[in-house]
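Colleague: Provided below for reference: sequence and predicted model.
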Amino acid sequence: MTSAEKAKEQYFEWQPHDDPDFAPLICGKGTIGGKGRSLLFALRRLRDSGDPDMSRVKVPRSIYLSIEIFHKFLERVPSLDTLLACGDPEGMERVFLLTPLPEEVSLRIRQFLADMNDPVVIRSSSRLEDDVKHSFAGKYLSTFLGNNKGTLEERAQAVEDEVRRIYSRTFFPAAEDYRRRHKLGDDDMGIIIIRMAGRWRGQYYYPTMGGVGYSQNFRRWTTRIRQDDGLVRIVFGLGTMSTKRGYARTVSLTNPILRPEGFSPEKIAAIAQEHFHVIDADHPNRLTTLDIKTEWRQLLQYHPDFSAYAQVFSREDGEGAFSSIMKNMAQLEPGSKICFTFDNFPRKYPVFYRRAKKMLKFLEAQMGVPADIEFAYEPTEDSFCLIQSRPFWTNASDLDEWPEIDEKSILLQADRMVTHGAIPEIHKIVYVDYNLYFERRDFYGTARLIGELNEASRGEPYILVAPGRIGSSSPELGVPVQYGELTNCLGMVELGIPRLGYMPELSYGTHFFSDLEVDGVLYMPVFAGEDRNIFNIDWFERSKWEPWGSDIIRVYKGNFAAYMDGEKNRGVIVEKTD
């Protein structure tokens, strides 16, 4: 048995019930599910590491409901079998909300909330989430509450309702379809109730930084970066922004200066984070999105080190440039804007990158598989909060050897962030016309049409080619199609069209990309006009195509193939002529 196999075996054998520090946090017998068990496993190993950087890592105050509690609850649900057979998710949720939780859970929740008025997160932690092959990202419900208004009884009742909602989602179509597709059978639900990382800063509650990290970088944007360097994807404010396909700063842990988008100030400014998530005291039970353009003066008051995260972008004589934010700055010059670049962060807080790289490699060794974490960070105090730790799912297909390719047959070519694998034969390309998508702005209509095309394509797989970020929650960045609407898609190409603001992004940490990894869907970004990138627009304009519901969506039929080499950072989509 290899050291990795032995570590993996020990990882799955470990149970927090047997740990005297963690047993008091658990309500009920049996497993607490994948997210909960993995989080406490990571905390135990980091505490025992003997390394000051790692042993100081914290997990916010939390309690864990085991799957025994889930089954006790289900026994109380009236006519459960009939309810499940009806196939009415909303009706099921209504019944679940009227069903009381076991008394031991109600007591534990009140004890947990008694002396705390900070926001709390209620997270799913199912038995099947404890798996190295299936991500379940976004398939179950995780939610939060502001917890800053009302009596203890009212706050506890609100948390109980969220627990019941998560229980009901175990049987919702998204989860059941995913389990059915992967032949996983039924599931059992554990729950994590955890204090949200962060603090109140005036009206708003948030951590200074949040993000995700990976011990392996399977989507390198330059050969100067090694796969096992690891990477983080960081945002200002709540880390929820980093799990969406929006703006975030992606950093190699060996060389945090290198950027996937390069060093051009214009390109950096075009995709830099300008909005961030917080909890607003007046609207505590939903995420509030703030704009740095209106908040920067207030942020300077609460963050004396604000220049570590943000810079001012301006143009002079047609050239773009960044400058530092001055503490006494009263207003911005016309035509300037502030954005979160994190350019000065590596110099000011090098310990963050040192710890992240060390911790990710350590957790990978302890689990025997690549590691994936979510975190929050307060730089001025060097306070690193671990919010999630689990195996990093990947299922890349093989590419035996690079075939002989006629350069004239290349329709699309990428030079970075490509999957490793091949589709040697496929007969359909679905292309979203970037000009029409931009002009007509029927973002959600286009996404739903792709879903309908996908449903009609059963048994006939395709490659999707679309501008910007496929699956983005911000439709101006790319087509907001849901992953469940792409079940017959074998490969995705994101087109970068800078003049229209469409820029692909290395979106590790998003639910969308977790599903791509698990299902082995090939991916590559093509940056139109850049060296070593090819977007053969002539072929797309002269070749025969059929519209699907709209001329925004074109369907090309023929004989195509995709070859992608993750080691050499080259990917191509070709038209086969033989």
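Modeller: Structure received. Numbering: from 1, shown residues only.
Colleague: any idea which helix or strand in the protein has the lowest mean pLDDT?
Modeller: In the chain, the helix or strand scored least confidently by mean pLDDT, DSSP states H and E is helix 511-519, which has a mean of 69.
Colleague: right, and the helix or strand after that one?
Modeller: Per DSSP states H and E, the first helix or strand lying C-terminal to helix 511-519 is strand 522-527.
Colleague: what's the domain layout of this protein?
Modeller: 3-196, 204-348, 407-575 (automatic domain parsing).
Colleague: for residue 360, find the nearest of those.
Modeller: Nearest to residue 360, of all the domains of the chain, is domain 204-348, at 3.9 Å by Cβ to Cβ. The way it works is simple: take the backbone N, C-alpha and C, and place the C-beta from them, glycine included.
Colleague: gap between the two ends of that closest one?
Modeller: 25 Å (Cα to Cα, to the nearest Å).
Colleague: now do that domain: distance to the chain's middle.
Modeller: The chain centre lies 16 Å from the centre of domain 204-348; the measure is Cα atoms, centre = their mean, to the nearest Å.
Colleague: avg pLDDT for that domain?
Modeller: Averaging pLDDT along domain 204-348 yields 87.
Colleague: burial count for residue 404?
Modeller: Counted with other Cβ atoms under 10 Å, residues neighbouring residue 404 total 4.
Colleague: can you confirm it is in a helix?
Modeller: No - under DSSP: H, G, I helix; E, B strand; the rest coil, residue 404 sits outside any helix and is assigned coil.
Colleague: and the pLDDT for it?
Modeller: In this prediction, residue 404 carries a pLDDT score of 86.
Colleague: report the separation between it and residue 574.
Modeller: Taking Cβ to Cβ, to the nearest Å as the measure, residue 404 falls 11 Å from residue 574.
Colleague: next, the nearest residue to residue 253 once chain neighbours are set aside: secondary structure please.
Modeller: Of all residues not flanking residue 253 in the chain, residue 357 sits nearest, at 3.9 Å (Cβ to Cβ, 6 or more residues apart in numbering). Here residue 357 is helix, with the state taken from three-state DSSP.
Colleague: surely residue 357 is in contact with residue 254?
Modeller: Yes - with contacts counted by Cβ atoms under 8 Å, residue 357 reaches residue 254, the gap being 7.2 Å.
Colleague: need the residues touching each of the two.
Modeller: By Cβ atoms under 8 Å, 6 or more residues apart in numbering, residue 357 and residue 254 have these common neighbours: 229, 230.
Colleague: so for the two, which sits in the more crowded spot?
Modeller: residue 357 (20 against 16).
Colleague: return the residues in contact with the more buried one.
Modeller: If you count contacts by Cβ under 8 Å, 6+ apart, then residue 357 has 229, 230, 253, 254 around it.
Colleague: is residue 313 part of a helix or strand, or is it coil?
Modeller: Relying on three-state DSSP, one would call residue 313 strand.
Colleague: what's the local residue count around the nearest residue to it once chain neighbours are set aside?
Modeller: Counting by Cβ to Cβ, 6+ apart, residue 313 lies nearest to residue 269, which is 4.2 Å off, once chain neighbours are set aside. Around residue 269 there are 21 other residues, counting by other Cβ under 10 Å.
Colleague: can I assume residue 269 sits in a helix?
Modeller: Yes - the assignment for residue 269 is a helix, going by three-state DSSP.
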